[in-house]
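Novice: Make a model of this:
(chains A and B)
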Amino acid sequence: MSPLFLFLSFVALLSALGVVLAKNPVHSVLFLILTFFTLSGHYLLLNAQFLAAVNIIVYAGAIMVLFLFVIMFLNLNEDTEPHKPALAKFAAAIAGGSLLLILVAALRNVSPAGYDPTSFDSQIGMVDRLGMVLFKDYALPFELASILLLAAMVGSVMLGKRETGERNF
Amino acid sequence: MTLPALGWQGLVVLATFGISLLIATYCTYFERVWAAFFQDRVGPDRAGPFGLLQPLADAVKLFTKEEFFPAGANRALFIFGPCLAMVTALMSSAVIPFGNFLKFGDTIVHLQGIEINVGMLYVFGVVALGVYGIMIGGWASNNKFSLLGAIRAASQNISYELAMGLALIAVLMMSGTLSLREITLQQSVAGEWHFWNIVRQPLGFVIFLVCAFAETNRTPFDLPECETELIGGYHTEYSSMKMGLYLFAEYVNVFVATAVMSVLYFGGFNYPFQYEFLDFLTTKTGLSADWAHNIFVLMGVVAMFTKIFIGIFFFMWVRWTLPRFRYDQLMRLGWTILIPLAIFNILLTGGLITFGVIK
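Specialist: Below you'll find the predicted structure:
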């Protein structure tokens, strides 16, 4: 395990804990952005440049901005945050704990296969290679997903459009 | 002179950093010079010859002003906001190719901070992060005008990023690569007649230009700091050098935006008749092959910066000419005009490529 991997994992775990433990929702969102950055760092270590860049653009750059936007609008902070009932906290702890148990049990006996340096393809995560796979082997699912996203975009424009006769201000 | 290759590349990174800051510094001066010109005033002329030391005087003023923290502000994030704005602004110039490579015997120095396979996505990602500086600063000020500015910045950036990305896709369809260096080199190949991308993507360029204005929060899209409605928007509560960092980050963003535009649409470091010029240097002047190549490349750097300066002038020209948009007009322009136009542009480009009109 390289020191870089250890460092990234350390920051990732720490910031992920910060997301859950921070009292202020804005701080939680900022910790989540930091988590996405460390995940992108992991993608880079795995030689997946395209995935790393897209992760930053889509999650850190767009979705988290919307999260922050909504939180700022609602003016959530420590004072106004409602306290969850003890039963909900208990149930959440049980659910999260059992998920952890299953993950640990599933991954306990896995030994990484490693790779063969002689036959390793250094271009494997690059954007042109990814494009070849997506457009040759998975063309139909890819196109369906893109139509779904386009439909969502057109729908948002339609919802935002002013009705006839509506006032400007 | 036995610096290893990495050392030379490190110097290029430092030079890029320095040049970004220097250009941003003098943008503040030229902004006022051009404002004065367009409004028939004299402009800055007190500090030094032609007022050239004005940026220095401004820096002294900003550093010596009182550092003010509003009551109820989130102190840590209040400081973090302008820092983040500056960091994200400076990060994107790392991947921009300001020139081809210089040759000194066996040493090759690329005039680009770092060449990565997904250069365009890197710039796009860093630009997408730029809005956090404004959002965090505006929120941490604990002021409703700042908060409104921050929210405007967020929604404006998200809306225009979409159209900008779609305009980019048309360029990428033609180039087939995300590397900024490759895109530049494709716009001029020795022995072939090549147009810059602006000729093949006029509609895409217009969309990209409008979005670049919105992404850098420049007039006519400077709604986040709209002083007639929001006092100063997200930086209402800022004073001293923290305010200075916000203003500075805006100029660095303008510099990066024009640099990206010149790479994508105006051929980057290519200039007209460059291969004839190289031919002239190698055959007529008796220079060694290396030096002929180096002079040819340095002329390319000059061409790149000429394009950048013309772009920056255009940004200033627009600022002092056009009035500000109203907020609902801004949103309508982004969602109902620019995005459909960009999608149409993609379809058009795809059709033209399929029928072999452009490649």
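
Novice: Within range of chain B, give me the residues from chain A.
Specialist: By the criterion of C-beta under 8 Å from any C-beta of the partner chain, the positions of chain A lying close to chain B are A:26, A:30, A:33, A:49-50, A:53-54, A:56-57, A:60-62, A:65-66, A:68-69, A:72-73, A:126-128, A:153, A:156-157, A:160-161, A:168. Every C-beta, even on glycine, is put in place using the N, C-alpha and C of the backbone.

Novice: Which helix or strand contains residue B:246?
Specialist: Assigned by DSSP states H and E, residue B:246 belongs to helix B:240-265.

Novice: can you check residue B:99 too?
Specialist: Residue B:99 belongs to strand B:97-104, assigned by DSSP H and E.

Novice: In CSV, could you pull the C-alpha coordinates for that strand?
Specialist: Only the C-alpha atoms of strand B:97-104 are listed here, as CSV (Å, rounded to 0.1, in the frame of the first residue of the first chain):
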residue,chain,number,x,y,z
PRO,B,97,-0.6,25.2,-23.5
PHE,B,98,1.0,28.6,-23.9
GLY,B,99,3.4,27.3,-26.6
ASN,B,100,4.8,24.2,-28.2
PHE,B,101,8.0,22.8,-26.8
LEU,B,102,11.5,24.4,-26.6
LYS,B,103,14.5,22.3,-27.6
PHE,B,104,18.0,22.7,-26.0
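
Novice: on that earlier part again, just the ones in helices from the residues of chain A next to chain B, please.
Specialist: With helices taken from DSSP state H, the overlap with these comprises A:26, A:30, A:33, A:49-50, A:53-54, A:65-66, A:68-69, A:72-73, A:127-128, A:153, A:156-157, A:160.

Novice: what angle sits between the helix holding residue B:246 and strand B:97-104?
Specialist: With axes from the mean of the first three to the mean of the last three C-alpha atoms, to 10 degrees defining the directions, helix B:240-265 sits at 80 degrees from strand B:97-104.

Novice: is helix B:240-265 up against chain A anywhere?
Specialist: No: judged by C-beta under 8 Å from any C-beta, helix B:240-265 stays clear of chain A, getting no closer than 14.9 Å.

Novice: I'd like to know which residues of the stretch 51-200 of chain B are adjacent to chain A.
Specialist: Within the stretch 51-200 of chain B, the positions near chain A by C-beta under 8 Å from any C-beta are B:74, B:77, B:116-118, B:121-122, B:124-125, B:128-129, B:131-132, B:135-136, B:139, B:147, B:150-151, B:154-155, B:157-158, B:161-162, B:177-178.

Novice: Near the one residue in chain A that gets nearest to chain B, how many other residues are there?
Specialist: Residue of chain A nearest chain B, by C-beta to the nearest C-beta: residue A:61 (2.8 Å). Neighbour count of residue A:61, defined by other C-beta atoms under 10 Å in any protein chain shown: 25.

Novice: Verify the stated contact: it with residue B:122.
Specialist: No: Residue A:61 lies out of contact with residue B:122 (C-beta atoms under 8 Å); the separation is 11.7 Å.

Novice: thinking again about what came up before, name the residues of the helix holding residue B:246 that are buried.
Specialist: By neighbour count on 16 or more other C-beta atoms under 10 Å in any protein chain shown, the buried set for helix B:240-265 is B:241-265.

Novice: Just the buried residues of the ones in helices among the residues of chain A next to chain B.
Specialist: Neighbour-count burial (16+ other C-beta under 10 Å) is assigned, among these, to A:26, A:30, A:33, A:49-50, A:53-54, A:65, A:68-69, A:72, A:127.

Novice: Could you list the low-pLDDT ranges of chain A?
Specialist: Counting by pLDDT under 70, the ranges of chain A that qualify are A:1, A:75-82, A:162-169.

Novice: Quick check, central residue of it?
Specialist: Ranked by distance to the mean C-alpha position of chain A (C-alpha atoms, centre = their mean), the top residue is residue A:59 at 5.6 Å.

Novice: which residues does the residue lying closest to that one once chain neighbours are set aside contact?
Specialist: Sequence neighbours aside, residue A:36 is the residue nearest to residue A:59 in space, at 4.8 Å (criterion: C-beta to C-beta, 6 or more residues apart in numbering or on different chains). Listed by C-beta atoms under 8 Å, 6 or more residues apart in numbering or on different chains, the contact set of residue A:36 reads A:55-56, A:59-60, A:64.

Novice: Next, count neighbours for the closest residue to chain A within the stretch 151-300 of chain B.
Specialist: Distances between the stretch 151-300 of chain B and chain A by C-beta to the nearest C-beta are smallest at residue B:154, namely 4.7 Å. Using other C-beta under 10 Å, residue B:154 has 24 neighbouring residues.

Novice: Within the helices and strands, which one has it?
Specialist: Secondary structure assignment for residue B:154, by DSSP H and E: helix B:144-175.

Novice: Could you point out the helix or strand that follows that helix?
Specialist: Where DSSP H and E defines the elements, the next helix or strand beyond helix B:144-175 is helix B:180-186.

Novice: Just checking the distance from that next one to the centre of its chain.
Specialist: What separates the centre of helix B:180-186 from the centre of its chain is 17 Å, taken as C-alpha atoms, centre = their mean, to the nearest Å.

Novice: Give me the buried stretch members for the helix or strand that comes right after that helix, please.
Specialist: Sequence-wise, the next helix or strand downstream of helix B:180-186 (DSSP H and E) is helix B:197-200. Residues of helix B:197-200 classed as buried: B:197-198, B:200 (neighbour count, 16+ other C-beta under 10 Å).

Novice: likewise stretch B:67-77?
Specialist: By neighbour count on 16+ other C-beta under 10 Å, the buried set for stretch B:67-77 is B:69-70, B:73-74, B:77.

Novice: Check stretch B:43-51 too.
Specialist: B:43-44, B:47, B:51.

Novice: Pull the most distant pair out of those.
Specialist: Largest separation among these by C-beta to C-beta: B:43 and B:47, giving 11.8 Å.

Novice: Distance-wise, check whichever residue of the stretch 1-150 of chain B sits closest to chain A relative to residue A:62.
Specialist: For the stretch 1-150 of chain B and chain A, the shortest gap (C-beta to the nearest C-beta) falls at residue B:128, measuring 2.8 Å. Distance, residue B:128 to residue A:62, by C-beta to C-beta, to the nearest Å: 6 Å.

Novice: and for these two, which residues touch both?
Specialist: residue B:161.

Novice: So which of the two has more stuff around it?
Specialist: residue B:128 (24 against 18).

Novice: which non-adjacent residue is nearest residue B:195?
Specialist: Of all residues not flanking residue B:195 in the chain, residue B:187 sits nearest, at 7.7 Å (C-beta to C-beta, 6+ apart).

Novice: what's the burial count for the one you found?
Specialist: 22.

Novice: pretty sure it is touching residue B:199, no?
Specialist: No: look at residue B:187 against residue B:199 with C-beta under 8 Å: they stay out of range, at 9.9 Å.

Novice: coming back round to it: among the residues of the stretch 51-200 of chain B next to chain A, which ones are buried?
Specialist: Buried subset of those (neighbour count, 16+ other C-beta under 10 Å): B:74, B:77, B:116-118, B:121-122, B:124-125, B:128-129, B:131-132, B:135-136, B:139, B:147, B:150-151, B:154-155, B:157-158, B:161-162, B:177-178.

Novice: Could you look up the next helix or strand downstream of the host helix or strand of residue B:293?
Specialist: For residue B:293, the element it lies in under DSSP H and E is helix B:289-319. Per DSSP H and E, the first helix or strand lying C-terminal to helix B:289-319 is helix B:327-332.

Novice: In terms of secondary structure, what does that next one contact?
Specialist: helix B:144-175 (3 or more C-beta pairs under 8 Å, 6 or more residues apart in numbering or on different chains; DSSP states H and E).
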